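Colleague: Give me coordinates for this.
(2 chains)
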Number of protein chains: 2
Amino acid sequence: MNLKCLVVVLAATLVSGISQAQTTQSAVLEDFKPSSLNQPGQEYPQVNSQGYARFKIKAPKADSVKVSLGLGGRGGTKLKKGDDGFFTGTTEGPMDEGFHYYHLTVDGGVFNDPGTLNFYGSTRWESGIEIPAHDQDFYALKDVPHGNVQQILFQSASTGIARRAFVYTPPGYDKDKSKKYPVLYLQHGWGEDETAWSNQGHANLIMDNMIAEGKIKPFIIVMTYGMTNDVKIGAGGLRNFKVEGFQTVLTDELVPYVDAHFRTIADRSHRAMAGLSMGGMETHAITLAKPDEFAYYALLSGGTYSPAELQGKTKPDLVFMSCGSRERPDGVKKAAVDLKAAGYNAVSFVSENTAHEFLTWRRSLHELAPMLFQK
Amino acid sequence: MNLKCLVVVLAATLVSGISQAQTTQSAVLEDFKPSSLNQPGQEYPQVNSQGYARFKIKAPKADSVKVSLGLGGRGGTKLKKGDDGFFTGTTEGPMDEGFHYYHLTVDGGVFNDPGTLNFYGSTRWESGIEIPAHDQDFYALKDVPHGNVQQILFQSASTGIARRAFVYTPPGYDKDKSKKYPVLYLQHGWGEDETAWSNQGHANLIMDNMIAEGKIKPFIIVMTYGMTNDVKIGAGGLRNFKVEGFQTVLTDELVPYVDAHFRTIADRSHRAMAGLSMGGMETHAITLAKPDEFAYYALLSGGTYSPAELQGKTKPDLVFMSCGSRERPDGVKKAAVDLKAAGYNAVSFVSENTAHEFLTWRRSLHELAPMLFQK
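Modeller: Numbers count the residues shown, from 1 in each chain, chains lettered A, B, ... in the order given. Next up is the predicted model:
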């Protein structure tokens, strides 16, 4: 899959993927509870057991309040004003399980829902809501040993600034001071930033839980900002995105910094790169440009590799490609089949009943982690 | 100063302290620039060299948009609607230097300014604006070695949940694995949380810069959530605040966790506690209840100690009390004089031309840090 093609796919899924609510008109159960992503003490938005979301916004003198969630392509959910000055409304159908970004339109202006926490997506901090998933246990906060997520600031000569990354170190990292760990470099998508994989993705909790269950050997995860060329990258911007700037930051600056400051096993076979959406595009380009840097490649809703692209380069130990069932799973499945036929260790994973959203990527990390650093 | 008295002072300063703009009607210089706390790529809000703030909000069908900043007690700044659907306006006078929380009122509903980053204050994520301070260099992000700020999750038996804290480890912490460090436990104010001292306070940058200049010996800072009894603590709630719940979390759970997982010097003379506003109230109560846990006490806009309170207890190595000049500096100064007369090592600090806001506390930390762990 070439980059131009990927850009078109991403653009399509970014738009249509905002909401995938079904049009079922079944009775709405009145068992609504506050979303787990609400700000402390906030009662709204709420979610019911079927996945419907209900909103309540105070704006006594406003004429119109809309929510960008509901039925994609039909303008979201229009709230109705009550005599008490609150606008309320419920999505027309149940939402997909998992995390959704959204915002309000209040009398024509775009604002966040004051009830929810904010998450960086679409190059802005947006409201977020969580529809409880049937498999949410794997990313739940449990009473198990917890790793830490730390903010590091590393000076970047190529961009002339101190850049931020978040580093997950597994539980026990502070105990055995002689133990060294493999590293996964894990990238966010377009419009997101280095906070996404911890905040929206729960990458740290996914790791903590799998380590506690003995399903994986502990490794470090490094998450940094992947849009080095311009934060104002817009609709047309993604098509013009050049990966070279970020490649320099990642491979010439961040990897050496991490190897110098953390107890890593600093070689190719203990270094993986993965990314979601645009982060997959970056992973694709950088692993192909630097095949001796990374041994494990993973694209989460971020395109595919072909045998022709990998031919003649140092062979990866694993190629992992995933997406949601509401994206284009056939392309991901076929790519894995083709790579396997050509002698590569390739795996595809399809997240059931999810689109281009974070539950797809939480599940993808959960599938990927046990396959990493197995050689 | 007893607690009831402190509560009244805090309530007064929380209300009046939101804005301390002067009423000078000098000409407004047209050198406005985007606030440093804007979201990536956002042009508004803007600040000029005199400290005026200008806002621009899109809400084409709204009748009224107000900003909670401007002239305290007079309802903030009312924006004026233009033909382009944007509301714009400038504060009536210059603002105090430093960080200010604010929000919008759009047709009667409270929303954040979509142009800015959000900061947790008043028990909600609010908009923030930064008026450049003449002494901002001490908390600037510079090309110096940076410490890390890491999120830890520690299981709390007394509250039955995994609690979050942020831990600043100084530059070099990962290098010399035998070196151990003193620890400052640093608390936020009412309505804020464990993110405040890093996000609004730049505690990590203040430390990085002072360490780079050789002004302080490196130490660890631990910041956790101090409102354990109820997140819904409201206007009347602060008066009813009980410190015991938090004291148990801090001294019985967090301190042992930090001593077990970080390379600390785990004794009284290498442990300090400081807090701003309500965090000062907590510091006051906990240091008096546990005089053998902490050797250094600091109250930042958070009350005072009297010789009578300290009498008969293990003597602190330092008592530091500070506030902004727009608060009640005489009380803080007098308390230090009284304590010194009674034989204590007591220091007062007054931040010039600031109120009950974060520049007062950034400056206080900058003054306090070199005085810690000197014995």
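
Colleague: from here on, contacts and neighbour counts on C-alpha atoms
Modeller: Noted.

Colleague: can you list the residues that contact stretch A:308-315?
Modeller: The contact list for stretch A:308-315, computed with CA atoms under 8 Å, 6 or more residues apart in numbering or on different chains, reads A:Leu288, A:Pro291, A:Asp292, A:Ala295, A:Tyr344.

Colleague: Show me what from the stretch 1-150 of chain A comes close to chain B.
Modeller: Residues of the stretch 1-150 of chain A lying close to chain B (CA under 8 Å from any CA of the partner chain) are A:39-41, A:57-63, A:106-114, A:117, A:123-125, A:141-143, A:146-150.

Colleague: Let's see that with 7 Å instead.
Modeller: Contact residues, the stretch 1-150 of chain A versus chain B (CA under 7 Å from any CA of the partner chain): A:39-41, A:58-62, A:107-109, A:111-112, A:114, A:124, A:143, A:146, A:148-150.

Colleague: For chain B, give me its nearest residue in the stretch 101-250 of chain A.
Modeller: Nearest residue of the stretch 101-250 of chain A to chain B, counting by CA to the nearest CA: A:Gln150, 3.5 Å away.

Colleague: need the contact list for A:Thr264.
Modeller: Neighbouring residues of A:Thr264 by CA atoms under 7 Å, 6 or more residues apart in numbering or on different chains: A:Lys180, A:Tyr181, A:Pro182, A:Val183.

Colleague: I'd say the first one and A:Asp267 touch.
Modeller: Right, A:Lys180. No. A:Lys180 lies out of contact with A:Asp267 (CA atoms under 7 Å); the separation is 11.5 Å.

Colleague: in the stretch 1-150 of chain A, what spans have low per-residue confidence?
Modeller: For the stretch 1-150 of chain A, the stretches with pLDDT under 70 are A:1-26, A:71-74.

Colleague: Please enumerate the strands of it.
Modeller: With DSSP state E, counting those that start in this stretch as the criterion, the stretch 1-150 of chain A has strands at A:33-34, A:46-47, A:53-58, A:65-67, A:77-78, A:80-81, A:86-90, A:98-102, A:104-106, A:109-111, A:118-121, A:124-131, A:148-156.

Colleague: count of residues packed around the residue of the stretch 101-250 of chain A closest to chain B?
Modeller: Neighbour count of A:Gln150, defined by other CA atoms under 10 Å in any protein chain shown: 21.

Colleague: so it sits right up against A:Phe166, yeah?
Modeller: Yes. A:Gln150 lies in contact with A:Phe166 (CA under 7 Å); the separation is 5.3 Å.

Colleague: Mind putting the strands of the stretch 1-150 of chain A into CSV with distance to B:Asp96?
Modeller: CSV is the format used below for those (distance: least, CA to CA, whole Å):
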stretch, distance to B:Asp96
strand A:33-34, 38
strand A:46-47, 39
strand A:53-58, 31
strand A:65-67, 35
strand A:77-78, 41
strand A:80-81, 39
strand A:86-90, 35
strand A:98-102, 34
strand A:104-106, 31
strand A:109-111, 27
strand A:118-121, 28
strand A:124-131, 27
strand A:148-156, 29
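
Colleague: So what does the residue nearest to A:Asp63 when sequence neighbours are not counted have for phi and psi?
Modeller: Nearest-residue entry for A:Asp63: A:Asp107, 6.2 Å, with adjacent residues in sequence omitted and distances by CA to CA, 6 or more residues apart in numbering or on different chains. Main-chain torsions, A:Asp107, degrees, to the nearest 10: phi 50, psi 40.

Colleague: quick one: the strands in the stretch 151-300 of chain A?
Modeller: Ranges of strands in the stretch 151-300 of chain A, per DSSP E, counting those that start in this stretch, are A:161-169, A:183-187, A:220-224, A:271-276, A:296-300.

Colleague: Pick the most buried one from those strands.
Modeller: strand A:296-300 (a mean of 30; mean count of other CA atoms under 10 Å in any protein chain shown).

Colleague: Can you give the strand pairings for that one, parallel or anti for each?
Modeller: strand A:271-276 (parallel), strand A:318-324 (parallel) (DSSP bridges).

Colleague: And the ones you listed: which comes nearest A:Gly302?
Modeller: When the strands paired with strand A:296-300 are ranked by distance to A:Gly302, counting by CA to CA, first place goes to strand A:271-276 at 5.6 Å.

Colleague: Just the angle for the closest one relative to strand A:183-187, thanks.
Modeller: Going by axes from the mean of the first three to the mean of the last three CA atoms, to 10 degrees, strand A:271-276 is angled at 20 degrees with respect to strand A:183-187.

Colleague: gap between A:Glu194 and A:Leu186?
Modeller: In this structure, A:Glu194 and A:Leu186 are 9 Å apart, going by CA to CA, to the nearest Å.

Colleague: what do you get for A:His270?
Modeller: 14 Å.

Colleague: And A:Gln374, by the same measure?
Modeller: Distance of A:Gln374 to A:Leu186, given as CA to CA: 18 Å.
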